[in-house]
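Asker: Any chance you could fold what I've pasted below:
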Amino acid sequence: MLEKSKLVTRPPHDLGGLPEGALVRTEHDLTPFEKSCHALLNVLAVHQLVNTEEKRRGVEDLGSEIIGKLTYYERWAVSASKVLIEKKIITSEELGKKMAEIRTRLLEDS
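Answerer: From the prediction side, this is the model:
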């Protein structure tokens with residue numbers, strides 16, 4: 001029973017107090033993807049399309065396995081896209097088509 005109560009009281013992103021290695025803090029310049037993602041999230045917020053609480057809920061909804069495999073900005077990008085789809089601002093088909101266009105363009109440039 002205790003394990004089930006932990007599922008309710010500890011969301012998947014809450015790692016506080018769990019046994020883990022030492023936290024290694026490093027400074028790094030943001031990658032182009034991270035800069036773009038950060039800028040896009042700011043634009044979505046300014047235009048009141050996706051707010052902080054919606055993004056946070058979206059990250060929590062990913063679950064611990066996915067959260068553990070994605071980088072910080074990847075989590076926010078997936079979360080924001082899910083919120084935009086839920087609000088019917090974009091469709092998953094539109095998102096998939098745009099992602100395919102970008103992937104093709106990147107492959108052609110390399």
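Asker: hey, let's count contacts and neighbours off CA atoms from now on
Answerer: OK.
Asker: could you point out which element follows the lowest-mean-pLDDT helix or strand in the chain?
Answerer: The helix or strand of the chain with the lowest confidence, counting by mean pLDDT, DSSP states H and E, is helix 2-9 at a mean of 61. Of the helices and strands lying after helix 2-9 in sequence (DSSP states H and E), the nearest is helix 32-46.
Asker: pull the CA atoms of the helix or strand following that following helix into CSV?
Answerer: Scanning forward in sequence from helix 32-46 by DSSP H and E, the next helix or strand is helix 52-61. This file holds the C-alpha atoms of helix 52-61, laid out as CSV (Å, rounded to 0.1, in the frame of the first residue of the first chain):
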residue,chain,number,x,y,z
THR,A,52,3.9,27.9,-17.1
GLU,A,53,1.4,25.7,-15.2
GLU,A,54,0.3,24.1,-18.4
LYS,A,55,3.9,23.4,-19.4
ARG,A,56,4.6,22.0,-15.9
ARG,A,57,1.6,19.7,-16.0
GLY,A,58,2.6,18.6,-19.5
VAL,A,59,6.1,17.6,-18.2
GLU,A,60,4.6,15.8,-15.2
ASP,A,61,2.2,13.9,-17.5
